[in-house]
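>>> Sequence first, predicted model second:
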Amino acid sequence: MFVVTVTFDILKDRMAAFLPLMLQNAQTSLSHEPGCLRFDVCTDESRPSEVFLYEIYADAAAFDTHLQSPHFKTFDAQTATMIASKTVKTYAQVTP
């Protein structure tokens, strides 16, 4: 299992445009990528410019496939001017 977290800081007044594109990207990832096991899009009203993603992939290769997918590349291009900053972290499952 390979986990990816992403924290976006969205530019002021761009959240209404960003969020539907983000939700579509998540839904397409889940329905068209067999290695994408979970893709949660989260917000908190106390931080109105922040979007947090929690993604689970079968392995790192499945995440790499996601990054090369046409729908991700389209999303990335469409939202590039909406994002003030983005922090990506990855985690591998620790098995006892």
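That came in fine, so what should we check first?
>>> hey, let's count contacts and neighbours off CA atoms from now on
OK.
>>> How about residue 21: what's its closest non-neighbour residue?
Spatial nearest neighbour of residue 21, excluding adjacent residues (CA to CA, 6 or more residues apart in numbering): residue 75 at 6.6 Å.
>>> what does the helix or strand harbouring residue 76 contact?
With secondary structure defined by DSSP states H and E, residue 76 is part of helix 70-79. Defining contact as CA atoms under 8 Å, 6 or more residues apart in numbering, one finds that helix 70-79 is touched by 18, 21, 22, 25, 28, 29, 66, 67.
>>> all strands for this protein, in order.
2-10, 36-44, 47-57, 83-92 (DSSP state E).
>>> got those strands as CSV, with distance to residue 71, mean neighbour count and mean pLDDT columns?
Written out in CSV, the entries for these read as follows (distance: least, CA to CA, whole Å; neighbours: other CA atoms under 10 Å; pLDDT from 0 to 100):
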stretch, distance to residue 71, mean neighbour count, mean pLDDT
strand 2-10, 17, 18, 98
strand 36-44, 13, 16, 98
strand 47-57, 16, 18, 97
strand 83-92, 18, 12, 97
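>>> hmm, who's touching the helix ranked longest in the chain?
Once the chain is assigned using DSSP state H, the helix that runs over the most residues is helix 15-32. By CA under 8 Å, 6+ apart, the surrounding residues in contact with helix 15-32 are 10, 36-41, 49, 66, 71-72, 75, 79, 82.
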